[in-house]
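> quick one, what's the 3D model for this:
(one chain, ligands or ions: 1)
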Amino acid sequence: MPMDYEIFAANGAMVGHGGLVVFDDTVDMARQARFAMEFCSIESCGKCTPCRIGAVRGVEVIDKIIAGIERDKNLIVLDDLCQTMTDGSLCAMGGLTPMPEQSAVKHFPEDFDRPPVAKAAE
Ligand code: SF4
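Model prediction:
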């Protein structure tokens, strides 16, 4: 995809503030989604509830998905939570945090449907 504001916007992406993170094809996007949500939970200033509480709940929900606990239900909860953060957060920190999670679920669903690590080793 060319790096262009209009093309990014048309694909639900954004150029952001100048940083790019590149992964090879071995990356686990579910764990990267968790990382993005955890980053928000740490960096949140705490002024508004969707970001302050949402990011903490988001990490918990992604952990359940990764662990294989009621995956389908928790993917719906994660989507709901992301929508609440997008619509209800006061600034771009909480409002844009759901972008990597929702993008990862949309484009790399297989990474959210792996056997839990403990079971994979059996
Ligand atoms: S969205 Fe912005 S204002 Fe709200 S808690 Fe997060 S960092 Fe603070």
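> would you map the helices across the protein?
Using DSSP state H, the helices of the chain run over 5-10, 29-43, 49-67, 71-88, 92-96, 98-107, 117-120.
> now the spatially most central residue of the chain, nearest residue through space, not along the chain?
What sits nearest the mean C-alpha location of the chain, by Cα atoms, centre = their mean, is Glu101, with 1.9 Å. Sequence neighbours aside, Ala33 is the residue nearest to Glu101 in space, at 4.4 Å (criterion: Cβ to Cβ, 6 or more residues apart in numbering). Placement of C-beta: from N, CA and C, glycine included.
> neighbours around the one you found, how many?
Ala33 has 26 neighbours, counted by other Cβ atoms under 10 Å.
> cool, Leu78 as well?
23.
> check Ala55 too.
Neighbour tally, Ala55, other Cβ under 10 Å: 26.
> with Asp28 instead?
Residues contacting Asp28 under the criterion other Cβ under 10 Å number 15.
> doesn't Glu110 make contact with it?
No: Asp28 is not in contact with Glu110 according to Cβ atoms under 8 Å; the separation is 10.0 Å.
> how much space between the residue nearest to Glu101 and Met1?
The gap separating Ala33 from Met1 is 20 Å, by Cβ to Cβ, to the nearest Å.
> same question for Gly16.
Relative to Met1, Gly16 is positioned 14 Å away (Cβ to Cβ).
> out of these two, which sits in the more crowded spot?
More crowded of Gly16 and Met1, by other Cβ under 10 Å: Gly16, with 12 against 8.
> okay, the more buried one: pLDDT?
According to the prediction, Gly16 has pLDDT 71.
> ok, the one 3 residues further on next?
According to the per-residue confidence, Gly19 scores 74 in pLDDT.
> so what's Arg34 closest to, chain neighbours aside?
Once flanking residues are discounted, Arg34 sits nearest to Ile62: 4.4 Å by Cβ to Cβ, 6+ apart.
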